[in-house]
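Student: coordinates only, sequence not included:
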């Protein structure tokens, strides 16, 4: 390595360390007057934390719930799934849960919430190595720094129990190993396959485009690796077999995942669902995909997209002088970009509340994380080009100034702007802990809390039944409650004040008003 490369690497390591420290601080639970620690702002994070912790403590990914025979499998938080016998199991791919659970066995339960930003740092360094090799060291360095400050990368490194950063980081690490390995360093090829295999156990639905990239990389390196090109696919295949074996043991079928409706599906439908998850699971809606792409990809970070467009124009102007690796990168990016844009852009949200209160926190954004990354080298090219136009002496100052502006814009979007910002989220989580502590003190340990969208507030301290509509409007729940309240204490936590306190043989008795919401105890109504 040259002296310049060494300096670039040191700067990158320092910035990555600062990135990690800031994220650790943002992730660390807000201190409250309660003894309730683990609370999250999304059902997915709540579920992933619970299962990773449970796997670390017990080695199990299944818990029994006998009362579901009475409750018709309604006792569970969101992002959980229910077996036909009422047992609760994960409602997602198992890779993240098992990986984080194993790490927690080694380093303690406290490590779980910090694993994602740690993986993110290794992802940044791998990205630097990839872009340095595909383009040049300067573009690689600037690209890596832009990734550190990128709002989507930053946000989902802090929302640490989502799988997207872990998946992308492991994919970047695996691709870096495959790009740098040679025949005599066969262990790098092995590590590359292992990292990619772990990535796919976390997000099996990304298999098509990621395996396409792996195939292109290995094809381009076939002369250097010779017969070793088979090794990564063998390791990835082994990781998939292990993941499918877990599916078989937990769900009773190799092809079933937690995303299947286990207590409703037939084996034929389950097979259809797993393959449907690989090929346009949300249907084919190109116009909707284009609209979503504009709103949640281009507009979200328009300042980055503008530099990316400039950089792509600069790259095209030098098309005759570019390296083959750059052309391959662009062609692969176009194919992957088109696929992911249509794949996830066709998703239709039936829940308008999610779209109303979320911007960077909307699923489209985290699903398109790989696309944001593919644009970054052209952002770097555009930035370097602008610096050169203003004079070589000013180039470094221009780049630093841009990065300061990028940091400001990212901080505004990630930390302060909107209901899904980290600042707003931390305040909500603090309130969740206060509410949960009060409800826990007023209810029995075996109580069940029925709640509208607030299951994440009370679980796992109390069993929960969630509903998306007020209880009295949910005829299915009202039908099962008379049998349930005769066996176990049942409460309803609601933002509404219920005037008619008797319905369907159930009487709602007000227990307390907590943060503008009301806790009711449900009892059987006395016969007239």
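Tutor: Yes, it's here. Nothing here was measured: the structure is a model prediction, and the numbers come from that model.

Student: mind giving me the domain split of this structure?
Tutor: 3-31+113-420, 43-112, 438-524 (automatic domain parsing).

Student: Just send these back as JSON lines, with mean pLDDT and mean neighbour count too.
Tutor: Glycine gets a C-beta too; all of them are placed from N, C-alpha and C. Below are the domains of the chain laid out as JSON lines (pLDDT from 0 to 100; neighbours: other CB atoms under 10 Å):
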{"stretch": "domain 3-31+113-420", "mean pLDDT": "88", "mean neighbour count": "18"}
{"stretch": "domain 43-112", "mean pLDDT": "94", "mean neighbour count": "19"}
{"stretch": "domain 438-524", "mean pLDDT": "90", "mean neighbour count": "17"}
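
Student: Using a markdown table, lay out these together with distance to residue 430.
Tutor: Listed next are the domains of the chain as a markdown table, based on distance: least, CB to CB, whole Å:
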| stretch | distance to residue 430 |
| --- | --- |
| domain 3-31+113-420 | 5 |
| domain 43-112 | 16 |
| domain 438-524 | 11 |
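
Student: Residue 429: which of these is closest?
Tutor: Nearest to residue 429 among these is domain 3-31+113-420; the distance by CB to CB comes to 6.0 Å.

Student: Between the two ends of the closest one, how far is it?
Tutor: Across domain 3-31+113-420, the terminal residues are separated by 43 Å (CA to CA, to the nearest Å).

Student: how far is that domain from where the chain is centred?
Tutor: 12 Å (CA atoms, centre = their mean, to the nearest Å).

Student: Ok, stretch 498-508 next?
Tutor: 40 Å.

Student: Quote the end-to-end distance of that stretch.
Tutor: By CA to CA, the extent of stretch 498-508 from end to end equals 8 Å.

Student: which residues touch residue 489?
Tutor: Taking CB atoms under 8 Å, 6 or more residues apart in numbering, we find residue 489 in contact with 443, 444, 446, 447, 448, 521.

Student: Spatially, which two of those are the most separated?
Tutor: 446 and 521 (13.7 Å).

Student: tell me which element residue 450 falls in.
Tutor: strand 448-452 (DSSP states H and E).

Student: Partner strands of that strand and their direction?
Tutor: strand 463-467 (parallel), strand 490-494 (parallel) (DSSP bridges).

Student: So what touches the longest helix seen in the chain?
Tutor: Ordering each helix of the chain by length in residues (DSSP state H) puts helix 3-27 first. Under the contact criterion CB under 8 Å, 6+ apart, helix 3-27 has outside partners 1, 113-114, 117-118, 120-121, 124-125, 128, 137, 141, 144-145, 148, 154, 157-158, 160, 422, 426.

Student: rewinding a little: output the strands paired with strand 448-452 as JSON lines; include the columns distance to residue 333.
Tutor: Shown next, in JSON lines, are the strands paired with strand 448-452 (distance: least, CB to CB, whole Å):
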{"stretch": "strand 463-467", "distance to residue 333": "40"}
{"stretch": "strand 490-494", "distance to residue 333": "48"}
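
Student: bridging residues for the spatially closest residue to residue 451 that is not a sequence neighbour?
Tutor: Nearest residue to residue 451 in three dimensions, chain neighbours excluded: residue 493, at 4.6 Å (CB to CB, 6 or more residues apart in numbering). Per DSSP bridges, the residues bridged to residue 493 are residue 451, residue 519.

Student: Can you tell me how far residue 493 is from residue 299?
Tutor: Residue 493 sits 37 Å away from residue 299, going by CB to CB, to the nearest Å.

Student: Same check on residue 315?
Tutor: Separation of residue 315 from residue 299 (CB to CB): 23 Å.

Student: could you list every residue that touches the closest residue to residue 456 other than its chain neighbours?
Tutor: Nearest residue to residue 456, sequence neighbours excluded (CB to CB, 6+ apart): residue 46, at 4.6 Å. Listed by CB under 8 Å, 6+ apart, the contact partners of residue 46 are 39, 40, 77, 78, 79, 161, 455, 456, 459.

Student: I'd like the next helix or strand past the helix or strand hosting residue 46.
Tutor: Under the criterion of DSSP H and E, residue 46 resides in helix 43-58. Using DSSP H and E, the helix or strand that follows helix 43-58 in sequence is helix 68-71.

Student: which strands and helices sit next to that following helix?
Tutor: helix 475-485 (3 or more CB pairs under 8 Å, 6 or more residues apart in numbering; DSSP states H and E).

Student: The residue nearest the centre of the chain in helix, strand or coil?
Tutor: Residue closest to the mean C-alpha point of the chain, counted by CA atoms, centre = their mean, is residue 162 at 2.8 Å. Residue 162 falls in the coil class when you classify it by DSSP: H, G, I helix; E, B strand; the rest coil.

Student: ok, it touching residue 47?
Tutor: No. Using CB atoms under 8 Å, residue 162 makes no contact with residue 47, being 10.9 Å away.

Student: Quick check: the gap between the residue nearest to residue 451 and residue 432.
Tutor: Residue 493 is 12 Å from residue 432, by CB to CB.

Student: List the buried residues in stretch 418-432.
Tutor: With burial defined by 16 or more other CB atoms under 10 Å, the residues of stretch 418-432 counted as buried are 420, 421, 422, 424, 425, 426, 428, 429, 430, 432.

Student: gap between the strand holding residue 450 and the chain center?
Tutor: That offset, for strand 448-452, works out to 26 Å (CA atoms, centre = their mean).

Student: next structured bit after that strand?
Tutor: From strand 448-452 onward toward the C-terminus, using DSSP H and E, the following helix or strand is helix 455-458.

Student: got a list of contacts for that next one?
Tutor: Contacts for helix 455-458 (CB under 8 Å, 6+ apart): 39-43, 46, 77-78, 432, 435-436, 439-440, 449, 451, 464-466, 493.

Student: at 6 Å what do you get?
Tutor: 43, 46, 77, 78, 432, 435, 436, 449, 464, 466 (CB atoms under 6 Å, 6 or more residues apart in numbering).

Student: biggest separation within those residues, which pair?
Tutor: 78 and 435 (17.3 Å).

Student: Just send the contacts of residue 46 back as CSV, with distance to residue 216 too.
Tutor: Below are the contacts of residue 46 laid out as CSV (distance: CB to CB, whole Å):
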residue, distance to residue 216
39, 43
40, 37
77, 41
78, 38
79, 34
161, 32
455, 43
456, 41
459, 44
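
Student: Just flag the most distant two among those.
Tutor: 161 and 455 (15.7 Å).
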